[in-house]
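**Student:** The sequence isn't on hand, but the structure is:
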């Protein structure tokens with residue numbers, strides 16, 4: 001499965017911790033992230049992450065294009081609703097694309113953990129047929 005990973009600045013450490021906790025599951029999948037998030041994940045987990053540009057430099061658009069082309073099966077977008085950034089609309093576009101293309105998306109830690117556990121159980125295998 002192709003997993004998209006994106007974290008706003010204030011959530012990057014949380015994303016690192018999530019990836020550390022679920023390293024074993026994530027290692028069995030292809031990981032895609034914006035540049036900074038991907039680098040930070042690689043530093044603490046030693047996982048291989050395909051890195052796009054940094055989010056504010058177009059990485060969110062690149063990730064969005066992957067979603068539009070059905071190249072992402074699961075999206076984890078840890079966002080900070082209290083500190084909107086100039087490029088917040090790009091994050092909202094990613095949520096919209098996931099809704100349009102029936103891609104499971106988590107925008108907080110609780111849902112991210114549920115989706116990762118569901119992935120490990122095989123509950124998301126329907127994505128293979130959806131493509």
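**Tutor:** Looks like it came in fine. Here the structure is a predicted model, which means the values were calculated and not measured.
**Student:** can you pull out the strands in this structure?
**Tutor:** Per DSSP state E, the chain carries strands over the ranges 2-7, 30-33, 49-51, 74-78, 105-106.
**Student:** will you turn those into JSON lines that also has distance to residue 63 and mean neighbour count?
**Tutor:** Quick note: C-beta positions are derived from backbone N, CA and C, even for glycine. Shown next, in JSON lines, are the strands of the chain (distance: least, C-beta to C-beta, whole Å; neighbours: other C-beta atoms under 10 Å):
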{"stretch": "strand 2-7", "distance to residue 63": "6", "mean neighbour count": "24"}
{"stretch": "strand 30-33", "distance to residue 63": "7", "mean neighbour count": "22"}
{"stretch": "strand 49-51", "distance to residue 63": "10", "mean neighbour count": "18"}
{"stretch": "strand 74-78", "distance to residue 63": "8", "mean neighbour count": "24"}
{"stretch": "strand 105-106", "distance to residue 63": "12", "mean neighbour count": "19"}
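**Student:** Export those as a markdown table, with columns for mean pLDDT.
**Tutor:** Below are those laid out as a markdown table (pLDDT from 0 to 100):
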| stretch | mean pLDDT |
| --- | --- |
| strand 2-7 | 96 |
| strand 30-33 | 98 |
| strand 49-51 | 97 |
| strand 74-78 | 97 |
| strand 105-106 | 98 |
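**Student:** any chance of those in TSV, with distance to residue 96 too?
**Tutor:** Output for these, formatted as TSV (distance: least, C-beta to C-beta, whole Å):
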stretch	distance to residue 96
strand 2-7	14
strand 30-33	18
strand 49-51	22
strand 74-78	12
strand 105-106	10
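**Student:** Which among these is found nearest to residue 118?
**Tutor:** strand 74-78 (8.8 Å; C-beta to C-beta).
**Student:** strand partners of the closest one, parallel vs antiparallel please.
**Tutor:** Strand 74-78 has the following sheet partners, assigned by DSSP bridges: strand 2-7 (parallel), strand 105-106 (parallel).
**Student:** since we're on residue 12, how many residues are nearby?
**Tutor:** By the criterion of other C-beta atoms under 10 Å, residue 12 has 17 neighbours.
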